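Asker: sequence first, then the predicted structure, then my questions.
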There are 4 protein chains.
Amino acid sequence: MGQMIFRETGGAMLHFENDYNKGAHPAILEALMSSNFEGLSGYGSDSYTKTVTEQVRQLTDCPQAEVTLLTGGTQTNQIVIDTMLAPYEGVLAADTGHISTHEAGAIEFTGHKVLTLPHEDGKINAEQVEAYLKDFFADGNHSHMVYPGMVYISHPTEYGTLYTEQELEALAQICQNYQIPLFLDGARLVYGLAVPDSPDLATIARLTDIFYLGGTKAGLLCGEAVVFTKNNQPKHFVTHVKQHGALLAKGRLLSVQFHALLQERLFETIGQHALEMAEQLREILRDKGYTFYLESPTNQQFIIMENSHLERLGQQVAYSFWEKYDVDHTVIRLATSWSTTQADIDALKSLL
Amino acid sequence: MGQMIFRETGGAMLHFENDYNKGAHPAILEALMSSNFEGLSGYGSDSYTKTVTEQVRQLTDCPQAEVTLLTGGTQTNQIVIDTMLAPYEGVLAADTGHISTHEAGAIEFTGHKVLTLPHEDGKINAEQVEAYLKDFFADGNHSHMVYPGMVYISHPTEYGTLYTEQELEALAQICQNYQIPLFLDGARLVYGLAVPDSPDLATIARLTDIFYLGGTKAGLLCGEAVVFTKNNQPKHFVTHVKQHGALLAKGRLLSVQFHALLQERLFETIGQHALEMAEQLREILRDKGYTFYLESPTNQQFIIMENSHLERLGQQVAYSFWEKYDVDHTVIRLATSWSTTQADIDALKSLL
Amino acid sequence: MGQMIFRETGGAMLHFENDYNKGAHPAILEALMSSNFEGLSGYGSDSYTKTVTEQVRQLTDCPQAEVTLLTGGTQTNQIVIDTMLAPYEGVLAADTGHISTHEAGAIEFTGHKVLTLPHEDGKINAEQVEAYLKDFFADGNHSHMVYPGMVYISHPTEYGTLYTEQELEALAQICQNYQIPLFLDGARLVYGLAVPDSPDLATIARLTDIFYLGGTKAGLLCGEAVVFTKNNQPKHFVTHVKQHGALLAKGRLLSVQFHALLQERLFETIGQHALEMAEQLREILRDKGYTFYLESPTNQQFIIMENSHLERLGQQVAYSFWEKYDVDHTVIRLATSWSTTQADIDALKSLL
Amino acid sequence: MGQMIFRETGGAMLHFENDYNKGAHPAILEALMSSNFEGLSGYGSDSYTKTVTEQVRQLTDCPQAEVTLLTGGTQTNQIVIDTMLAPYEGVLAADTGHISTHEAGAIEFTGHKVLTLPHEDGKINAEQVEAYLKDFFADGNHSHMVYPGMVYISHPTEYGTLYTEQELEALAQICQNYQIPLFLDGARLVYGLAVPDSPDLATIARLTDIFYLGGTKAGLLCGEAVVFTKNNQPKHFVTHVKQHGALLAKGRLLSVQFHALLQERLFETIGQHALEMAEQLREILRDKGYTFYLESPTNQQFIIMENSHLERLGQQVAYSFWEKYDVDHTVIRLATSWSTTQADIDALKSLL
């Protein structure tokens, strides 16, 4: 399975293939423009970065949160995992986790094994994790094996699904029992937060040891905000980031954008818009009799389509190939985002 | 599952827990003694290493074979895999493969992912490998994934089983089609070669791109002989070995031992002896009604035992815990080797 | 020595501490805005990236040039060096080279040693390189040493100096003789190209094996354009980039900016402007009797100042501490850029 | 400079090129033989390893010493440095240190920079180290640089010289002030301990944080005993060792040898014998008018020879090329060891 890289085919194309095919939300561009001629210091030491940290602390109700801004998701996963683990430790993840499948070995590149557990709708649960940890330490030869040193979850998952607060609580409890951190990949967290009754930022900060709030897929040109919530940021973290080649000279590019995303809770507006568009999309698909691969409450929708229909659809609608379903059918992804318009939805409706 | 590290409990103990609990075959020690005062150059540039290369070329019927002597199996797997793969490549292996489970992440330490396939009796087959490779390259996103760059097999496997010549042929063919090397971990190859009608050294050299002939488990104090068979030894291999911390100053320790192991085909004598002992062991176990976990033709035998019997047995016989079978039963390993004596077998018989 | 990270102190501050303290050149922002709602594919597969490659090919007169856009200088150095070197190779560089001193070990992080040569005004020369290479291969033990596998130079150097075409020719010749690539770090290349009679893009493309054109310091929000000039881009380069955590989902952020920088040779306008400002700065400094640490023809100027004057200056002018000169004096850097205005220069003049 | 790898030229050759051209001291071989049929557990969990730890604790007067046995010097340096340093830290060493020059980048392979200081007779001193550390932390940009995280010294050095107790005290004091460990590479420590009034094992254990007692050059087939002296062995050290590919299945090979080396202080007998041979060698060289490159009190002697004499000498005496002295002269090394006989010395005398 995987995310097909959309090939541009012309201006008339409707873009539902992913949530990063447009530039940036206008308010983000506006923030970059209005701050453009301020003289700011480099490498994340600018005043906007400090303000973003304050914003995150308030939004997460976590006064000790430490925030670092990075450019992309794979980079963030690599740096967090590498700096939080001992060299002999690996990271537990769903077999469908982004770090397991679609990061070109970026985790192994830094010396760590991804220890996979079978997923259910993209999720892993506390029982699985506990069983793995228990069996590991019960094995008389575990000193010859890779220590499980962290639990990685995506929220929303690669299938658009969400953990409930209870599920996060249970995972957090196991991690605490075994004294290993729980890391939440929030590349699409903005679209999870907008789902009613799903865990809010304060809950996520409370139950995880590290998480990140994705900007790239939420209307920024680029950027992910890593939050260490338990006074647990690795020592000399800026040097770690530099050593991984991930420290931007103009840190302002990230901080000005995140400042705007968090100000007046723009991220909520963005999330709600995308979910409204997704809700309409789901209705259209349901009405037209499409089969959903699974139920996703967020901005990514997965449907099973006949291969013969796919080619026709692809001429006017950009979608993502997700995985082969059977000989005649394919699972595809359609995604909404901050940039999806009512006109896009209406046009799609007429085409499906 | 795993190999329990035997805890020494006293002189009366019968040693069937593994094939490396004694020192070295007397002929090996004799060779070290008789060469002890020869002045030899260091770092694998000695005359014995050259002779070993010649011996291997003759035994494998492979005049272009390049031989490097290393100290242990994990080290060998790490160096071969790291130096043969491009940085973005991983290695395909059975999920029970030693590199997958019991090398403490030594492969990931050098940046490479172990891509696992479900095993059958410790083996993988050509169909699985072909399907994996085909699916990988058919996936439009494979440039975001770890490239499969090598196939790793153990022969004998971690379960004592062997590949047939036909099976190796099929694997070799797929590897050739996809232009990736086939690497055979022969940590216990000596005990595989002694099985009638199993692939001989020339066949193995012909069908693999790299293999090694294990010495540690075949009566050497330490040592594994890596053989590049296709004029494919990585450039500046000695520097690679040094950089991995694996180049011995007294390379003679390895070369003198391997010289003796290969001379007059001592390895065959050793292999045959261990298999004779294993044959007697199997008969005893069969006669006494033990249940075999699977059928192994080599020196490792796996049986399912009631937990209640295990503790009693463990007081007089050293065995290896292999894996939990069910609540009341355990899979254990009993192994013979060059050092197993008829007296050992007879004593075991009286105890079982 | 090093680049002091400027601490923001207020709006009245004059910014001469570096060339990256403002956002982006207005034409760059304009390009981001005007393309914002184009649906573009991700990960560097967008149409702007293709156009940038064409632009580079024309500007460098190098039809086979391959272009990859990355976010920052350390990241670029790390990826180029790691993917071009064999594991047992290191990179030759001036002891003042950015990779030697100020990248937090990013090169060693990927396993490669930086082999340093003493600099002269930030430069190394062909004689030094040749002597090193000759001595290395003449040493009977070189297989126990790190192979010199690449030559790295900065142009402009960390001291603002430039290589002449003859100097580049000589370095290129040695590299060719020893079959190792010559890599030019052009983080500030735009400011070098604007110096009359200095090597132009075609010359640089002809004489180097890889170089990059820096965007971050030339008016982009971020971005460096890596150019492989000799049909020598490492295989599966996009996967390498991903594995290093450096592949942006919205590759458009980089390509749209570079498209604008290269279009109508905006980079030349930017370079000339900064050099005009630097010329005025030099005159002011000369007239006021300041002592230059060395002669730099580019946008960075290094002067030796009495420590007692520094504190006073620092209250109104942001500068970079460079290195201690003696007990009473310090070397500081003043830099101009695309964003330096005549008003900045005039204000500085009145303060010095 | 470097250690020429001696090419074997025939039985009549006198071996003074290094201290590892013969096999093992007879008492070591005897120990291997007499223990050969003891059933011992693997991977360093055998009873001999436990005894060696007790022996080391007594010899070093350091009851909390933790001992791990590894196979070779480069491997030991790599593992100690990699496991003791944070990822962003490098190791301070003399520019002539073995890790700087002759380990093929094994330290950088694990991600760490070797930070070099100019040597004097192979040594570095406390003032140098203090100045480096002071300057580093005073540099406002040190977060962009490699942190100095350990001090590495060789004792004896690569030039056969020794640190005095006072020099070690001073280094230890600086390291303590900056809270970084002092690591002593004792590949030839046995030959240093035999020098009258030089630091003894208890002093070395008291003043260093980690050191190792070399076996390979002291009459073992292979082996280095790493000693963590300050209750500072990295957690899960056996797993670290395994992950580096350095854990021997038959750990007994190392422990049985070290047990014999330490028993009845055999290492002292070996050291004293080699130094007596070296003393005779020095006298012969002095009497014959050879020029010493520097004064070495241990088993390695460095002399400056006319190139024209070298070729002639090399026909009967194996020596090591060390470095070019000038156009007409070369620095060579002659070494004695446990295996040097009076007959060797007498024969050499007649040839010089």
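Answerer: Cool, got the structure.
Asker: got the CA coordinates for stretch A:106-126 in CSV?
Answerer: Provided in CSV are the C-alpha atoms of stretch A:106-126 (Å, rounded to 0.1, in the frame of the first residue of the first chain):
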residue,chain,number,x,y,z
ALA,A,106,14.9,6.8,7.7
ILE,A,107,14.6,5.2,11.1
GLU,A,108,17.0,2.4,10.4
PHE,A,109,19.3,5.0,8.9
THR,A,110,19.9,6.2,12.4
GLY,A,111,20.4,2.7,13.7
HIS,A,112,17.0,1.8,15.1
LYS,A,113,14.8,-1.1,14.3
VAL,A,114,11.0,-0.6,13.8
LEU,A,115,9.4,-3.4,15.7
THR,A,116,6.0,-4.0,14.1
LEU,A,117,2.7,-5.0,15.6
PRO,A,118,-0.3,-6.0,13.4
HIS,A,119,-2.7,-3.0,13.0
GLU,A,120,-6.4,-2.8,13.2
ASP,A,121,-7.7,0.0,11.1
GLY,A,122,-4.2,1.5,11.4
LYS,A,123,-4.2,1.3,15.2
ILE,A,124,-2.4,-0.7,17.8
ASN,A,125,-3.8,-1.3,21.3
ALA,A,126,-2.5,-1.5,24.8
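Asker: show me how far that stretch is from its chain's centre.
Answerer: Chain-centre distance of stretch A:106-126: 15 Å, with C-alpha atoms, centre = their mean, to the nearest Å.
Asker: enumerate the positions of that stretch that are buried.
Answerer: For stretch A:106-126, the neighbour count (16 or more other C-beta atoms under 10 Å in any protein chain shown) marks A:106-117, A:119, A:121-126 as buried. Backbone N, C-alpha and C define where each C-beta goes, glycine included.
Asker: so for it, mean pLDDT?
Answerer: Averaging pLDDT along stretch A:106-126 gives 98.
Asker: same deal with stretch A:279-299?
Answerer: For stretch A:279-299, mean pLDDT rounds to 97.
Asker: spell out which parts of the stretch 101-250 of chain A neighbour chain C.
Answerer: By the rule C-beta under 8 Å from any C-beta of the partner chain, the part of the stretch 101-250 of chain A lying against chain C is A:103-106, A:109, A:216-217, A:221-222, A:239, A:242-250.
Asker: which ones among those residues map onto helices?
Answerer: Taking DSSP state H, the ones among those that sit in helices are A:Ala106, A:Phe109, A:Thr239, A:Lys242, A:Gln243.
Asker: not counting its neighbours along the chain, what's nearest A:Gly105?
Answerer: Once flanking residues are discounted, A:Gly105 sits nearest to B:Val146: 4.2 Å by C-beta to C-beta, 6 or more residues apart in numbering or on different chains.
Asker: can you pull the phi/psi pair for the one you found?
Answerer: Main-chain torsions, B:Val146, degrees, to the nearest 10: phi -80, psi 120.
Asker: okay, it and C:Ser154: tell me how far apart.
Answerer: As judged by C-beta to C-beta, to the nearest Å, B:Val146 and C:Ser154 stand 34 Å apart.
Asker: which of these two has more residues huddled nearby?
Answerer: Between B:Val146 and C:Ser154, counted using other C-beta atoms under 10 Å in any protein chain shown, C:Ser154 has the larger neighbour count: 31 against 26.
Asker: isn't A:Tyr132 right up against A:Ala93?
Answerer: No. Using C-beta atoms under 8 Å, A:Tyr132 makes no contact with A:Ala93, being 11.1 Å away.
Asker: these two: which has the busier surroundings?
Answerer: Higher neighbour count among A:Tyr132 and A:Ala93: A:Ala93, with 27 against 19, using other C-beta under 10 Å.
Asker: assign that one to helix, strand or coil.
Answerer: strand (DSSP: H, G, I helix; E, B strand; the rest coil).
Asker: quick check: closest non-adjacent residue to it.
Answerer: Closest residue in space to A:Ala93, ignoring its immediate chain neighbours: A:Tyr152 at 4.3 Å, by C-beta to C-beta, 6+ apart.
Asker: repeat that for A:Phe37.
Answerer: C:Lys22 (5.7 Å).
Asker: residues contacting the one you found?
Answerer: A:Asn36, A:Phe37, A:Glu38, A:Gly39, A:Leu40, C:His15, C:Ser337, C:Ser339 (C-beta atoms under 8 Å, 6 or more residues apart in numbering or on different chains).
Asker: I'd like those as JSON lines, with secondary structure appended.
Answerer: Shown next, in JSON lines, are the contacts of C:Lys22 (three-state DSSP):
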{"residue": "A:Asn36", "secondary structure": "coil"}
{"residue": "A:Phe37", "secondary structure": "coil"}
{"residue": "A:Glu38", "secondary structure": "coil"}
{"residue": "A:Gly39", "secondary structure": "coil"}
{"residue": "A:Leu40", "secondary structure": "coil"}
{"residue": "C:His15", "secondary structure": "strand"}
{"residue": "C:Ser337", "secondary structure": "coil"}
{"residue": "C:Ser339", "secondary structure": "coil"}
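Asker: of all those residues, which two lie farthest apart?
Answerer: Using C-beta to C-beta, the pair of these lying farthest apart is A:Glu38 and C:Ser337, separated by 14.6 Å.
Asker: and the two? Which one has more around it.
Answerer: Just comparing A:Glu38 and C:Ser337: by other C-beta under 10 Å the higher neighbour count belongs to C:Ser337, 27 against 17.
Asker: now, which of the contacts of C:Lys22 sits nearest D:Glu169?
Answerer: Nearest to D:Glu169 among the contacts of C:Lys22, counting by C-beta to C-beta, is A:Leu40 at 48.5 Å.
Asker: which ones are touching the nearest residue to that closest one once chain neighbours are set aside?
Answerer: Spatial nearest neighbour of A:Leu40, chain neighbours left out: A:Asp46 (4.1 Å); criterion: C-beta to C-beta, 6+ apart. Going by C-beta under 8 Å, 6+ apart, A:Asp46 touches A:Leu40, A:Gly251, A:Arg252, A:Ser255, C:Glu8.
Asker: hmm, the fourth one is touching A:Leu69, no?
Answerer: Looking back up the chat, that one is A:Ser255. Yes. Look at A:Ser255 against A:Leu69 with C-beta under 8 Å: they come within range, at 6.0 Å.
Asker: hey, what's in contact with both of those two?
Answerer: A:Gly44, A:Thr49, A:Val52.
Asker: of those residues, list those near chain D.
Answerer: Within the shared contacts of A:Ser255 and A:Leu69, nothing lies near chain D by C-beta under 8 Å from any C-beta.
Asker: among those, which ones are in helices?
Answerer: Applying DSSP H to the shared contacts of A:Ser255 and A:Leu69, the entries found in helices are A:Thr49, A:Val52.
Asker: nearest to D:Leu281, of the contacts of C:Lys22?
Answerer: For the contacts of C:Lys22, the nearest to D:Leu281 is C:Ser337 (65.4 Å; C-beta to C-beta).
Asker: interface residues of chain A facing chain D?
Answerer: Counting by C-beta under 8 Å from any C-beta, chain A sits next to chain D at A:43, A:82-83, A:86-88, A:143-144, A:147, A:235-236, A:238-240, A:242-243.
Asker: please redo it, this time with the cut-off set to 7 Å
Answerer: By C-beta under 7 Å from any C-beta of the partner chain, the residues of chain A that approach chain D are A:Pro87, A:Tyr88, A:Ser143, A:His144, A:Tyr147, A:His236, A:Val238, A:Thr239, A:His240, A:Lys242, A:Gln243.
Asker: contacts only, for the closest residue to chain C within the stretch 251-352 of chain A.
Answerer: Of all residues in the stretch 251-352 of chain A, A:Leu253 sits closest to chain C, at 4.6 Å by C-beta to the nearest C-beta. A:Leu253 makes contact with C:Leu221, C:Cys222, according to C-beta atoms under 7 Å, 6 or more residues apart in numbering or on different chains.
Asker: distance-wise, check it relative to chain D.
Answerer: Note on A:Leu253: its distance to chain D, by C-beta to the nearest C-beta, to the nearest Å, is 18 Å.
Asker: good, we can wrap up now.
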